[in-house]
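Participant: Just the structure for this:
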Amino acid sequence: MSNDSRRELMLGVWNGLKAATWPMRIRIVKKLGRATPTPAQMSVLQVLLSDEGETTPRELSGCLHITPGTVTGNLNALEEDGLIERVRVQGDRRVIHIRITPRGRERVKKWRAIFEAELSEHFAPLSNDELRQLGSLLGKLEPPRIKSVRSP
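Facilitator: Coordinates of the predicted model:
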């Protein structure tokens, strides 16, 4: 296969991925209105919620495979909305831990319910076997997952 043909195939797949997810994103935004988190903000909140405690911006960066600057921008927006809080560690004010607030926990629960309902509707045309196959193919494109980013 020529490089031009492969390039066209890759562009077609990329455009297909965007087209396949965009309608769902639009429906979610319509349901949540201005309170809609960006996908990056939702990822931060999901990590904080599942962490059952606190984490540092550096740990979030490693866990989510994003730059520290990107983490900081997302944290600023989430803190402004009252969904997270930054807590300085006593004895070492250079260390900041990030915690999800009770308001943030409630918002995530609401968003998850809407998101899961949209997922069910969006993927209804696919059988379980087709979903497994699609997941397997997309999994080949993922970066390796880091099991733990906590320092010893």
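Participant: can we go C-alpha only for contacts and neighbour counts from here?
Facilitator: Fine.
Participant: quick one, helices of this structure?
Facilitator: 3-32, 39-51, 57-64, 68-80, 102-122, 128-139 (DSSP state H).
Participant: Can you report the mean pLDDT over the residues of the first one?
Facilitator: In this model, helix 3-32 has an average pLDDT of 87.
Participant: Offset the numbering so it begins at 138, please.
Facilitator: In the new count, where the first residue is 138, that last one comes out as helix 140-169.
Participant: And it, what does it pack against?
Facilitator: Using 3 or more CA pairs under 8 Å, 6 or more residues apart in numbering; DSSP states H and E as the contact criterion, the neighbours of helix 140-169 among helices and strands are helix 239-259.
Participant: Now the residue nearest the centre of the chain: closest residue in space, sequence neighbours ignored.
Facilitator: Nearest residue to the geometric centre of the chain (CA atoms, centre = their mean): residue 180, 2.7 Å. Of all residues not flanking residue 180 in the chain, residue 201 sits nearest, at 7.5 Å (CA to CA, 6 or more residues apart in numbering).
Participant: Could you list the low-pLDDT ranges of the chain?
Facilitator: Where the chain drops to pLDDT under 70, the residues are 188-190, 280-289.
Participant: please redo it, this time with the cut-off set to 50
Facilitator: Within the chain, the set of residues satisfying pLDDT under 50 comprises 283-289.
Participant: And the contacts of the strand ranked longest in it?
Facilitator: With residue count as the measure and DSSP state E as the assignment, the chain has strand 229-237 as its longest strand. The set of residues that contact strand 229-237 without belonging to it, under CA atoms under 8 Å, 6 or more residues apart in numbering, is 182, 185-186, 190-194, 220-226.
Participant: Show me which residues of it are buried.
Facilitator: When burial is assessed from 16 or more other CA atoms under 10 Å, strand 229-237 yields the following buried residues: 233-237.
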